[in-house]
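Enquirer: here is my input; please provide its structure:
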Amino acid sequence: MSLQQEIEQKVKTAFAPEHLEVINESGMHSVPAGSETHFKLVIVTQKFEGKKLVERHRLVNQALVLELREKIHALSLQTLTPEEWEKKKGQIATSPPCLGGSK
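Expert: Residues are numbered from 1 along each chain as shown. Model (predicted):
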């Protein structure tokens, strides 16, 4: 199972999201082709209701503690309630280009 699939499975189990995107952004960085080191997660779930942004991120970090410790170099999070997702009309922020390494 790929790391991307592991992340997706763990997030689905932990949050039962209404919408989930697990985007491997490793190709935007100075890493070997096929790497799984940089990810963006878009998670829309009722479980974020009433929680501040930092609390939401901590919950995700707890769900992915092993992956963050051993496999993931960078993780971008967009953690939304269904109401917030509706207001954004499904638009997610784009990631900036990599400025490090040889890129």
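
Enquirer: what sits against the residue nearest to V31 when sequence neighbours are not counted?
Expert: The shortest distance from V31 to any non-neighbouring residue, by CB to CB, 6 or more residues apart in numbering, is to T37 (5.4 Å). No exception for glycine: its C-beta is placed from N, CA and C like everyone else's. Counting by CB atoms under 8 Å, 6 or more residues apart in numbering, T37 touches 26, 29, 31, 71-74.

Enquirer: so what pLDDT did S26 get?
Expert: Model confidence at S26, given as pLDDT, is 72.

Enquirer: contacting residues for it?
Expert: For S26, the contacting residues are 35-39, by CB under 8 Å, 6+ apart.

Enquirer: so of those residues, which ones are in helices?
Expert: For the contacts of S26, not one is inside helices, with DSSP state H as the criterion.

Enquirer: tell me which of those is nearest to T81?
Expert: Nearest to T81 out of those is F39 (CB to CB; 21.2 Å).

Enquirer: follow-up on the earlier one: most surrounded residue in the contacts of S26?
Expert: Among the contacts of S26, F39 has the most neighbours (other CB atoms under 10 Å), with 23 neighbours.

Enquirer: phi, psi of the residue lying closest to that residue once chain neighbours are set aside?
Expert: Spatial nearest neighbour of F39, excluding adjacent residues (CB to CB, 6+ apart): L75 at 5.5 Å. L75 has phi and psi values of phi -140, psi 120 when expressed as degrees, to the nearest 10.

Enquirer: same check, this time on K89
Expert: Here is the backbone geometry of K89 (degrees, to the nearest 10): phi 60, psi 40.

Enquirer: show me what contacts L41?
Expert: Contacts of L41 (CB under 8 Å, 6+ apart): 7, 11, 20-23, 60, 75-79.

Enquirer: can you give me the helices in this structure?
Expert: Under DSSP H, the chain gives helices at 3-15, 53-63, 65-70, 82-88.

Enquirer: let me see the mean pLDDT of the shortest one.
Expert: Okay, so that is helix 65-70. Rounded mean pLDDT across helix 65-70 is 95.
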